[in-house]
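K.L.:
Model the structure of this input:
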Amino acid sequence: MESVSIKIGDVIFDHADYDAEHDVLYLHVGEPEVGAGEDTPEGHVIRYAPGTDRIVGLTMMSPRYILRHEGHVRVSIPEPVEKGADELDPLFAA
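P.N.:
Predicted coordinates for the structure are as follows:
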């Protein structure tokens, strides 16, 4: 797991792990912890600390594919936020 820093909405994710075979990017706030998942309208998954509204992680589905075809990845946490390749490409090395 790679130490990173990317702000999406009001949340700063500081750890990332990219599964290149399946094109899935796992972002974490602090060390990974168990969380209750909630699907976003875009098909990603936000993980909350159990019983709270504190975001502990974000799983981005097909981010490289989306970047290639749309030029940005959109995530609703809770409001929609777009991130371009300049911010996401370094995370794919994680």
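K.L.:
residue furthest from the geometric center of this protein?
P.N.:
Distance from the C-alpha centroid of the chain peaks at Gly51, with 20.6 Å (Cα atoms, centre = their mean).
K.L.:
which residues does that one contact?
P.N.:
Neighbouring residues of Gly51 by Cβ atoms under 8 Å, 6 or more residues apart in numbering: there are none. No exception for glycine: its C-beta is placed from N, CA and C like everyone else's.
K.L.:
Dihedrals phi and psi, it?
P.N.:
Main-chain dihedrals, Gly51, degrees, to the nearest 10: phi 80, psi 10.
K.L.:
any idea how far Gly57 is from Glu33?
P.N.:
8 Å (Cβ to Cβ, to the nearest Å).
K.L.:
quick one, which of those two is more surrounded?
P.N.:
Using other Cβ atoms under 10 Å as the criterion, Gly57 and Glu33 rank with Gly57 on top: 22 against 12.
K.L.:
And the more buried one, its phi and psi?
P.N.:
Per-residue torsions, Gly57: phi -170, psi 160 (degrees, to the nearest 10).
K.L.:
and if you look at Ile77?
P.N.:
When quoted as degrees, to the nearest 10, the phi and psi of Ile77 stand at phi -140, psi 80.
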